[in-house]
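> below: sequence and its predicted model.
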Amino acid sequence: MNKYETTSKTIIKYALDIEADKAVYINKAERENIYKCFECENEMSIVRGDKNQWHFRHKVESDCTGGKESALHKLWKQIIVENNEMKIPGGTLVYLNPKEEKKFEFDPRKPDVTALLPNGKYVYFEVIYTNAVEKDKREFYKKEGLHSLEIDLRGLLNGTNYSDEEWKHIILNEVWGKRKIYWDETEKEEVQLVSNQINFNEPIKEKELISPSTNNYIENEKVSNWQNRIFVIAITILIFVISFLLFKRHFKRY
């Protein structure tokens, strides 16, 4: 079974690094760090082996499924915050000093991510896991004339366990699933947004959201991950063989 297959039992691929306050993918988890579940907030163990998929497991047995929605929403916001440009319909958007869930000074609402445009104006990002941006929040952006973008990733939530690098590629390098909530078309910005033809009133189908470049990227990631695992297994076998030969040679002397 490879990491893209699903089973009846939930496989938890993401956990929260307590010290860094970040969503961490299992392949990048470090054993010296402490991780907790996004849903039940109990401590998690790192499980890595040669036969089964790598995953996080609750230290105390639990029926908790790991809070995938919270984990991915956290990860998606991290990706935007840790970078400063992304492709959108019409070009590439450059943004500066991004902050996660920073409250408006004049309103209790919190955008998922707040950043600055090169011209000094703010831009606000909303990433969607299940429900679209609330109507009153959408109207608020329009009424106040606030540059704002919606990134709808619902079409990818089909049980596939994408890695953090795959999500990064999708969010930063793909235009599908992105549309403006409000943008002043009369201003001469560094990027000109155009209307997306996808119907955002319905969940986006995966085939409409994923472009050939992303499919190629994901396939390359799959090959790369298996190559890495084969390399680790080969090195382990080599070390065992060398140790066995040295051990055998040692006892021949006696």
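Yep, that arrived.

> what about the residue nearest to A15 when sequence neighbours are not counted, neighbour count?
On the basis of Cβ to Cβ, 6 or more residues apart in numbering, the spatially nearest residue to A15 that is not a chain neighbour turns out to be Y35, at 3.9 Å. Placement of C-beta: from N, CA and C, glycine included. Y35 has 23 neighbours, counted by other Cβ atoms under 10 Å.

> tell me who's in contact with Y35.
By Cβ atoms under 8 Å, 6 or more residues apart in numbering, the contact list for Y35 reads A15, L16, D17, I18, V24, A29, E43, M44, I46, F56.

> narrow the residues you listed to those that are buried.
The neighbour count (16 or more other Cβ atoms under 10 Å) marks A15, L16, D17, V24, A29, M44, I46, F56 as buried among the contacts of Y35.

> re earlier: now the residue nearest to A15: how far from I235?
Counting by Cβ to Cβ, to the nearest Å, the separation of Y35 from I235 is 26 Å.

> can you check R179 too?
47 Å.

> do E150 as well
Applying Cβ to Cβ, one obtains 46 Å for the distance of E150 from I235.

> and if you look at V133?
Here V133 is placed at a distance of 48 Å from I235 (Cβ to Cβ).

> so between the two, which is more surrounded?
V133 (19 against 10).

> who's in contact with that one?
In this structure, V133 makes contact with E126, E150, I181, judged by Cβ under 8 Å, 6+ apart.

> look up which residues are beta-bridged to the first one.
Judged by DSSP bridges, the bridge partners of E126 are E150.

> so what's it up against?
For E126, the residues meeting the contact criterion (Cβ under 8 Å, 6+ apart) are P111, D112, V133, K137, S148, L149, E150, I151, I181.

> gap between it and K178?
11 Å.

> list residues touching both of those two?
Common contacts of E126 and K178, defined by Cβ under 8 Å, 6+ apart, comprise L149, E150, I151.

> okay, now the unreliable bits of the stretch 101-250 of the chain?
The model of the stretch 101-250 of the chain has pLDDT under 70 over residues 106, 158-160, 185-229, 248-250.

> let's see 50
Across the stretch 101-250 of the chain, the ranges flagged by pLDDT under 50 are 192-212, 214, 217.

> what are the boundaries of the strands in it?
Remark: strands assigned in the stretch 101-250 of the chain by DSSP state E, counting those that start in this stretch are 113-116, 122-128, 147-152, 178-182.

> among those, which is the most enclosed?
Highest mean neighbour count among the strands of the stretch 101-250 of the chain (mean count of other Cβ atoms under 10 Å): strand 147-152, with a mean of 22.

> what does that strand contact?
Among residues not part of strand 147-152, those counted as contacts by Cβ under 8 Å, 6+ apart are 76, 88, 93, 111, 117, 121-128, 132-133, 141, 171, 177-184, 200, 204.

> with that, I have no additional questions.
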